[in-house]
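# would you be able to build a 3D model of this:
(2 chains)
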Amino acid sequence: MVNKDILLHNSRQFGTLIGLMIVTIVFWILSPYFLTVSNVMNIAEQTSINALIAVGMTFVIITAGIDLSVGSIVAVSGVVMAGALQGGLSDALGILVGLLIGVTCGLTNGLLISYGRLPPFIATLGMMSVARGAALFYTEGRPISGFSQGFRFLATGELAGIPAPVILMVVVYVIAHVVLKRTKLGRYTYAIGGNEEAANLSGVNTKMIKTIVYGISGLLSALAAVVLTARLNSAQPIAGMMYELDAIAAVVIGGTSLMGGEGKISGTLIGAFIMGILRNGLNLLGLSSFTQQIIIGSVIILAVLIDMGLRKDRGFTQAKGIIT
Amino acid sequence: MRRLLALSLMLVSIFFLEHCRRTEVVSKPTIAVVMKTLNNPFFIDMQEGAEAEAKALGVDLIVQAAEREVDVEKQMQIVENLIQRKVSAICIAPSGSKEIVPAILKANVAKIPVLAIDTRVDRNALAEAGATVLTFIGSDNKDGGRIAGEYIASRLGGKGNVAILEGIPGHETGDARLSGFHEALDRYKEIRIVASQTANWERDQGFNVFRNILQAHPEVRAVFACNDMMALGAVEAISSTRKKNKLIVVGFDAVKDSRAAILNGEMHASIAQHPEEMGRLAVEYAYKAINGQSIPPEIPVRIELITRETLVTK
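Modelled structure (predicted):
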């Protein structure tokens, strides 16, 4: 029984990896420009922003929650950081200000959910609007642009041919992987998603852990904002619209269950790459953006269908929606 | 871990195979046209002009656009991907006049000529980054705004209250139209601009925002919308209030829907920019640039006032 369980669990992870291989091979056959070192780096760089947000989203979804506010947090932390940088703050301090804004938004979400007992969907939906409004209010709707070379290095820099955002992404994934697998915080995160009541009864401070988890999501959204701002040399109050959907898609394609309790950070990375590769490959083939949306949407549905199929095999029943 | 190793091994071998397979890819030139969006008839017209010219010249054409007009980062990704695709030239209608500069710089490094269409790229941002754009193909939006202002002033007989629906703030096209409009109206002391708000280029937002403006300023006699989508939203807002007073509605772009609205009297004027001409010229000059011919730094596209009279006489 145990053996079978492990086998099936591995086959789920393997499924995501096979998905990655399939899209890679398909585009390799279709386009001579796809599988080159420079394009692989290009894909990794383009994937980094969504991948960073998706790390936080993975934590949240493992607790059986959802964070709809990530895109708006990208915008508000980006513009406040940009304002701080143009106000004369040093690069490091400016970035710190941006990260603090992100953490504050995230922790607020967490407090509303844990202690205010709001459903995650509602709390983060509210934050999505509040943070977006705050970004527009702060900038009066105008983008803030023009930053130092040092700051822009976070997007334009390279180390041994590897773009800086890619290095940042790898570092964040290694840390997130260790936190989820090797720390109490990680284990409690899974425990809450598996059965919150049971976790609570066995002495886990579920309210605090959930608050921290949403704080992490806010922090990583702000980190994504740093990369985005450095990349465009501009922070826009309308940036990050619909980023929550891309992040959720990456997590779900990566095999993390929306019901909570399971999921892997490596799966999310693969999920983010599948999204990035699809966008890149479809661009290389010159397909219109309409077709691209259809294909990307279909891949998301297919991934979840496979996920549910495998889950049924393992005797899970699912009646819960993501809203509760 | 073992699986990761297997994956990297496989990737390495694929790279090797790919390296063997790669032969010189020679074909006819490929010109890429990157739009802001394809949800707007203006850009569809532009696409049609580009397609016709590409067919005439016998070049390959790729038309791409981000899913959302405001998504500058996606537009940057498209440019990066086109660079990987090794296209011969990129014509781009920037979603952000400053934000697109890093992407242009990357194309410059890859020695792919870049032509700006419809919206100018910010000069200072270009200079600061050391990036170059070969030419700008488009209309003088400021002139268009001025024409719209003069038209409204003459329709109002030089006095009355006016409202404005702005485009996305900080966006070159909208700002130019706005400043031209202000410039024209500044000369009329008895015309007051009582409200000026953004509806982000969109029809539904134009509807909502203008409804609110009508609530706050029922005495408004004319509205200038920085594009037709917002103007059409305003038309719907006016008809929903059932207040059949004579509001003057002027849009910008003269798309098909607004021409129809002008003919049946719901709208009064629009400014025509000839997007199909822009698309055609973009491909024509991109082709010249590929063949090493020098091209002028600015290629103006005619701009004109469209009213019921001009439509009927045509």
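
# contacts, neighbours, all on C-alpha from now
OK.

# to what extent is B:Pro29 buried, counted in neighbours?
Here the count is done by other CA atoms under 10 Å in any protein chain shown, and B:Pro29 has 17 residues near it.

# quick one, what contacts it?
Each residue near B:Pro29 by CA atoms under 8 Å, 6 or more residues apart in numbering or on different chains is listed here: B:Val59, B:Asp60, B:Val87, B:Ser88.

# residue contacts, B:Glu190?
Per CA under 8 Å, 6+ apart, neighbours of B:Glu190: B:Gly158, B:Lys159, B:Gly160.

# beta-bridge partners for the second one, please?
When you say that, I think you mean B:Lys159. In this entry, B:Lys159 is beta-bridged to B:Glu190, by DSSP bridges.

# ok, it touching B:Ile191?
Yes. Taking contacts as CA atoms under 8 Å, B:Lys159 lies within contact range of B:Ile191: 4.5 Å.

# list residues touching both of these two?
By CA under 8 Å, 6+ apart, the residues touching both B:Lys159 and B:Ile191 are B:Ala153.

# now chain A, which segments are flagged as low pLDDT?
Along chain A, the model assigns pLDDT under 70 to residues A:1-14, A:307, A:310-324.

# around chain B, which positions in it sit nearby?
Selection of chain A residues close to chain B by CA under 8 Å from any CA of the partner chain yields A:32-36, A:38-39, A:42, A:46, A:141-143, A:145-146, A:228, A:231-234, A:238-241, A:280, A:283-284, A:286-290, A:293.

# helices - which of these land there?
The helices, defined by DSSP state H, take in A:38-39, A:42, A:46, A:228, A:231-232, A:280, A:283-284, A:289-290, A:293 from the residues of chain A next to chain B.

# filter those residues down to the buried ones, ChimeraX style.
Filtering these down to the buried ones (16 or more other CA atoms under 10 Å in any protein chain shown) takes a single ChimeraX command:
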select /A:39,42,46,228,231,232,280,283,284,289
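
# and the ones in helices among the residues of chain A next to chain B, which two are the farthest apart?
Greatest spacing in these, by CA to CA: A:Ser38 and A:Phe290 (26.5 Å).

# follow-up on the earlier one: so which of the ones in helices among the residues of chain A next to chain B comes closest to B:Tyr287?
A:Leu284 (20.4 Å).

# quick one: the helices in the stretch 51-200 of chain B, in order.
B:72-84, B:101-109, B:123-129, B:141-156, B:172-185 (DSSP state H, counting those that start in this stretch).

# how far does the first one sit from the chain's center?
From the chain centre to the centre of helix B:72-84 is a distance of 17 Å (CA atoms, centre = their mean, to the nearest Å).

# pick the most buried one from the helices of the stretch 51-200 of chain B.
helix B:72-84 (a mean of 24; mean count of other CA atoms under 10 Å in any protein chain shown).

# quick one: average pLDDT of it?
In this model, helix B:72-84 has an average pLDDT of 95.

# pick out the residue nearest the middle of the chain.
Went with chain A since none was named. The residue lying closest to the centre of chain A (CA atoms, centre = their mean) is A:Ala54, at 1.2 Å.

# correction: the question concerned chain B.
In chain B, the C-alpha nearest the mean C-alpha coordinate belongs to B:Asp118, at 5.1 Å (CA atoms, centre = their mean).

# show me the contacts for it.
Residues in contact with B:Asp118, defined by CA under 8 Å, 6+ apart, are B:Ala93, B:Phe136, B:Ile137, B:Gly138, B:Ser139, B:Thr173, B:Met278.

# nearest residue to the fourth one other than its sequence neighbours?
Closest residue to B:Gly138 apart from its sequence neighbours, by CA to CA, 6 or more residues apart in numbering or on different chains: B:Asp118 at 4.6 Å.

# show me which pair in the contacts of B:Asp118 is furthest apart.
Across the contacts of B:Asp118 (CA to CA), the longest gap, 14.7 Å, separates B:Thr173 and B:Met278.

# burial check on the residue of the stretch 51-200 of chain A found nearest chain B, number of neighbours?
Per CA to the nearest CA, A:Arg142 is where the stretch 51-200 of chain A lies closest to chain B, at 5.1 Å. Number of residues near A:Arg142 (other CA under 10 Å) recorded here: 19.

# need phi/psi at it.
phi -100, psi 150 (degrees, to the nearest 10).

# now it: how far from B:Ser95?
Distance check for A:Arg142 against B:Ser95: by CA to CA, to the nearest Å, it reads 14 Å.

# for chain B, which segments count as strands?
B:30-35, B:60-65, B:89-92, B:114-117, B:136-138, B:159-166, B:190-198, B:220-225, B:248-250, B:269-272, B:298-300, B:304-307 (DSSP state E).

# now distance to B:Glu183 and mean pLDDT too, for these, in JSON lines please.
What follows is the strands of chain B, written out as JSON lines (distance: least, CA to CA, whole Å; pLDDT from 0 to 100):
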{"stretch": "strand B:30-35", "distance to B:Glu183": "29", "mean pLDDT": "95"}
{"stretch": "strand B:60-65", "distance to B:Glu183": "33", "mean pLDDT": "94"}
{"stretch": "strand B:89-92", "distance to B:Glu183": "29", "mean pLDDT": "97"}
{"stretch": "strand B:114-117", "distance to B:Glu183": "24", "mean pLDDT": "96"}
{"stretch": "strand B:136-138", "distance to B:Glu183": "21", "mean pLDDT": "94"}
{"stretch": "strand B:159-166", "distance to B:Glu183": "14", "mean pLDDT": "94"}
{"stretch": "strand B:190-198", "distance to B:Glu183": "12", "mean pLDDT": "93"}
{"stretch": "strand B:220-225", "distance to B:Glu183": "14", "mean pLDDT": "95"}
{"stretch": "strand B:248-250", "distance to B:Glu183": "16", "mean pLDDT": "95"}
{"stretch": "strand B:269-272", "distance to B:Glu183": "16", "mean pLDDT": "94"}
{"stretch": "strand B:298-300", "distance to B:Glu183": "21", "mean pLDDT": "92"}
{"stretch": "strand B:304-307", "distance to B:Glu183": "17", "mean pLDDT": "93"}
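
# turn those into TSV, columns for distance to B:Pro102.
Listed next are the strands of chain B as TSV, based on distance: least, CA to CA, whole Å:
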stretch	distance to B:Pro102
strand B:30-35	15
strand B:60-65	18
strand B:89-92	13
strand B:114-117	12
strand B:136-138	18
strand B:159-166	27
strand B:190-198	27
strand B:220-225	31
strand B:248-250	36
strand B:269-272	31
strand B:298-300	21
strand B:304-307	34
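
# hang on, the earlier thing: need the helices of the stretch 51-200 of chain B in CSV (columns: distance to A:Ile300).
Shown next, in CSV, are those (distance: least, CA to CA, whole Å):
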stretch, distance to A:Ile300
helix B:72-84, 19
helix B:101-109, 29
helix B:123-129, 38
helix B:141-156, 42
helix B:172-185, 36
